[in-house]
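> Need a 3D model of the following:
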Amino acid sequence: MALAGCGAPAQAGAGANRLRLAFDSDPQCIDGQQMGNNTALTVARQLTDSLTDQDPESGAIVPWLAASWRVSADSKTFDFTLRDGVRFSDGTRFTAESVKENLEGIAGLSAKAQLGSTYLAGLSKVTAHGEHRVTVAFSAPNAQFLQATSTMTLGMYSHATLQRSPEQRCAGRIEGTGPFTVGRYTPGDGVSLERRAGYDWPSSRALHVGPAHVDGVDIGIVPESSVRTGSLSAGDIDVDTAVQQQDEEALEASDFTIAARANPGLVYSLMPNEKNAILADADVRRAIGAAVDRPELAAVLSHHQAPATSLLAKSTPGYRDHSAQLAHDPARAAALLERAGWRADPATGMRSRNGTPLRLSVRYWQTAPFIELVAQQLREVGIDLQLKKSTLAETTAARAAGDYDLEFSNLTRADPDIVRTLFDARGRNINQRAPGRVEELLNASAAQPDQRRRGAQVDGAVTELLTAGHAIPLVELSGVMSVRPGVRDLDFDASSRLQLYDTSLAAAGAQAPTSMRAPAAPQAADSRAAAAHEGSRP
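Sure thing, here's the model as predicted:
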């Protein structure tokens, strides 16, 4: 869903027509080609555009910088015809050569491109045919690539931007094709974005053509939920992007609008590092999954969130219900641990084997109170789960070094190939395990152009992952925001990240409520962007 309203944007005085947001955590880096966290990608989404866009309701891929495209029958070759007249914010032209340079640059970033390197795995050749046509070829079938072109991860940057170091780009030295530019980024403090004059090539999903409605966007980093709520009530911010469950009732009883959309992709889960001697045992991993009482987690969740029913969220194309596999069964958990040799202390109930306690740790940076309840549930079957709250940077560094017992995270993408991104043992391999049946199914899905069959193959991999305890789903994530009256057309994209191009503010003193925009089929806001694309294969 998207927040919306009708009418022209406010004609406010200088500096008054700025949208003010509060994040609960720092992006760490605002280069969307490198980072994968939601705050970073929300900022980056405003700075540049993608070849395609994805309709949040239907999942259909629709035109943006590419007016049309064709996909080969074997899903190895993707041919795009580009829009004319697009320019980067440094004034240079966007051409087929720009696409070639960006895709090759992302592939060249390797592991620094946390998501893009997986989207472009097997990239063989990018060929520019003049200025407005480009062909992207892969060495193996890559059915997920078309949807990947709609993500900020494969957004387009200028030649000058791509010549800079990854660190310079993280710090905001970025020129994209988008409706805003970076005014300032101060880590730990905030980001300011400025409206770009002359912008005239929005997605075919957009509601208007021309520059953004607001003069700029000011984003503050405010970790404390009470401070964000107070700032919203005082009129110091327009949007709290991370409303906590305990604040929802009071906000809903006021004039503020609660906006939420379920994040597609991988739900919040625990992923065991199977190089850990304890977690190498499938019985221990399965016991952890059986010990988790997911319905009980609802007690500390927003009513906009839900306990997990699969490894994929319900809003993900290809989702299948795996509730039966995720049933709470403490007796089974105890039996599995006994079979693995972990004996319970009669006095404390905590388990050990040969003098070694059954103790595991999970490092996390997110605001996720339900993880504390999960630790209590595991204690009930004798597992001591130690919670280590740290920063995003510390968590990322530990993950890169393989220094973790259980990874706690989610990953957002409106395509089932997100499973391959995280679990493929020949790729990111979050479990640190050897390839097997999971990889066979995921590789088959990457070569499958038929979406129904592709979904079934991914679901087969999900079944294998759950059965072996390679993944322990917990909660479906929804971004829950609170918005003051008068903010119009605050839009969620298909990945549930904010798109601020259409957003406007009511004039000072106006009592314009925030209303909901009814879901609609994709409509071309600009006839120049409405060129028919090839939905069928040649």
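> Report the contact partners of the residue positioned nearest the centre of the chain.
Centroid-nearest residue in the chain: Thr412, 3.0 Å away (criterion: Cα atoms, centre = their mean). By Cβ atoms under 8 Å, 6 or more residues apart in numbering, Thr412 lies in contact with Asn38, Asn263, Pro264, Gly265, Leu266, Ile418, Leu477, Ser495, Ser496, Arg497. Placement of C-beta: from N, CA and C, glycine included.
> now swap in Ala143 and tell me
Ser75, Asp417, Ser445, Ala446, Ala447, Gln448, Pro449, Arg454.
> what's the answer for Val284, then?
Taking Cβ under 8 Å, 6+ apart, one finds Ile278, Leu336, Leu337, Ala340, Trp342, Leu358, Gly469 in contact with Val284.
> Look up phi and psi at Asp405.
Phi and psi for Asp405, reported as degrees, to the nearest 10, are phi -90, psi -60.
> hang on, the earlier thing: how about JSON lines for the contacts of Thr412, with neighbour count added?
Below are these laid out as JSON lines (neighbours: other Cβ atoms under 10 Å):
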{"residue": "Asn38", "neighbour count": "23"}
{"residue": "Asn263", "neighbour count": "26"}
{"residue": "Pro264", "neighbour count": "28"}
{"residue": "Gly265", "neighbour count": "26"}
{"residue": "Leu266", "neighbour count": "30"}
{"residue": "Ile418", "neighbour count": "25"}
{"residue": "Leu477", "neighbour count": "25"}
{"residue": "Ser495", "neighbour count": "26"}
{"residue": "Ser496", "neighbour count": "23"}
{"residue": "Arg497", "neighbour count": "25"}
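> Would you mind listing the two of the contacts of Ala143 that lie farthest apart?
Maximum pairwise distance among those (Cβ to Cβ): 12.9 Å, between Asp417 and Pro449.
> quick one, which of the two is more surrounded?
The neighbour count for Asp417 versus Pro449, taken as other Cβ atoms under 10 Å, is higher for Asp417 (24 against 14).
> Distance of Glu476 relative to Leu465?
17 Å (Cβ to Cβ, to the nearest Å).
> for Lys76, same thing?
Counting by Cβ to Cβ - Lys76 and Leu465 are separated by 27 Å.
> what's the answer for Gln244, then?
30 Å.
> okay, those two: which has more neighbours?
The neighbour comparison of Gln244 against Leu465 (other Cβ under 10 Å) goes to Leu465, with 25 against 18.
> Pull the contacting residues for His304.
Glu248, Ile258, Ala260, Ala262, Ser478, Val480.
> Show me where this protein dips below the pLDDT cut-off.
Within the chain, the ranges that satisfy pLDDT under 70 run 1-15, 508-538.
> Kindly state the domain boundaries assigned to it.
The chain is divided into the following domains under automatic domain parsing: 1-24+179-263+478-519, 29-176, 265-476.
> any chance you could map the strands in the stretch 201-350 of the chain?
With strands called from DSSP state E, counting those that start in this stretch, the stretch 201-350 of the chain shows them at 216-221, 239-240, 257-262, 265-272, 306-307, 343-344.
> How about residues contacting the fifth one?
Around strand 306-307, the neighbours that count as contacts under Cβ under 8 Å, 6+ apart are Ala262, Arg294, Pro295, Leu297, Ala298, Leu301, Lys314, Leu474, Val475, Glu476, Ser478.
> can I assume Asn431 is in contact with Ala425?
Yes - at 7.5 Å, Asn431 and Ala425 qualify as touching, with contact defined as Cβ atoms under 8 Å.
> who's more crowded, these two?
Comparing Asn431 with Ala425 by other Cβ under 10 Å, the one with more neighbours is Asn431, at 23 against 17.
> Might you report the residue contacts of the more buried one?
Met271, Pro272, Asn273, Glu274, Phe423, Ala425, His470.
> Could you find the closest non-adjacent residue to the first one?
Leaving aside its chain neighbours, Met271 sits nearest to Glu407 (4.2 Å; criterion: Cβ to Cβ, 6 or more residues apart in numbering).
> could you pull out the helices for the stretch 301-450 of the chain?
330-339, 370-379, 392-400, 418-423, 437-446 (DSSP state H, counting those that start in this stretch).
> Out of those helices, which gets nearest to Ala137?
Closest among the helices of the stretch 301-450 of the chain, once you apply Cβ to Cβ, is helix 437-446, at 14.9 Å.
> helices or strands up against the closest one?
helix 418-423, helix 451-467 (3 or more Cβ pairs under 8 Å, 6 or more residues apart in numbering; DSSP states H and E).
> For the first one, give me every contacting residue.
When you say that, I think you mean helix 418-423. For helix 418-423, the external contacting residues (Cβ under 8 Å, 6+ apart) are 115, 118-119, 144, 265-266, 271, 311-312, 316, 411-413, 427-431, 438, 442-443, 445-446, 458, 461-462, 465, 470-471.
> now do 7 Å
With contact meaning Cβ atoms under 7 Å, 6 or more residues apart in numbering, helix 418-423 is reached by 115, 118, 265-266, 311, 411, 428, 430-431, 438, 442, 446, 458, 461-462, 465, 470.
> Off-centre distance for it?
Relative to its parent chain, helix 418-423 has a centroid offset of 13 Å by Cα atoms, centre = their mean, to the nearest Å.
> CA atoms only for that helix - export them in PDB, please.
Taking C-alpha atoms only, helix 418-423 is exported to PDB below (Å, rounded to 0.1, in the frame of the first residue of the first chain):
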ATOM      1  CA  ILE A 418      16.600 -14.300  -2.900                       C
ATOM      2  CA  VAL A 419      17.000 -17.800  -1.500                       C
ATOM      3  CA  ARG A 420      19.900 -18.500  -3.900                       C
ATOM      4  CA  THR A 421      21.400 -15.100  -3.100                       C
ATOM      5  CA  LEU A 422      21.900 -16.100   0.600                       C
ATOM      6  CA  PHE A 423      22.100 -19.900   0.700                       C
END
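> ok, which stretches of the stretch 51-200 of the chain are helices?
Using DSSP H, counting those that start in this stretch, helices in the stretch 51-200 of the chain cover 96-109, 116-119, 145-148, 159-162, 166-170.
> Let me know which of those is the nearest to Phe370.
The nearest among the helices of the stretch 51-200 of the chain, by Cβ to Cβ, is helix 116-119 at 27.8 Å.
> now for the closest one, which elements pack on it?
Under the contact criterion of 3 or more Cβ pairs under 7 Å, 6 or more residues apart in numbering; DSSP states H and E, helix 116-119 touches helix 96-109.
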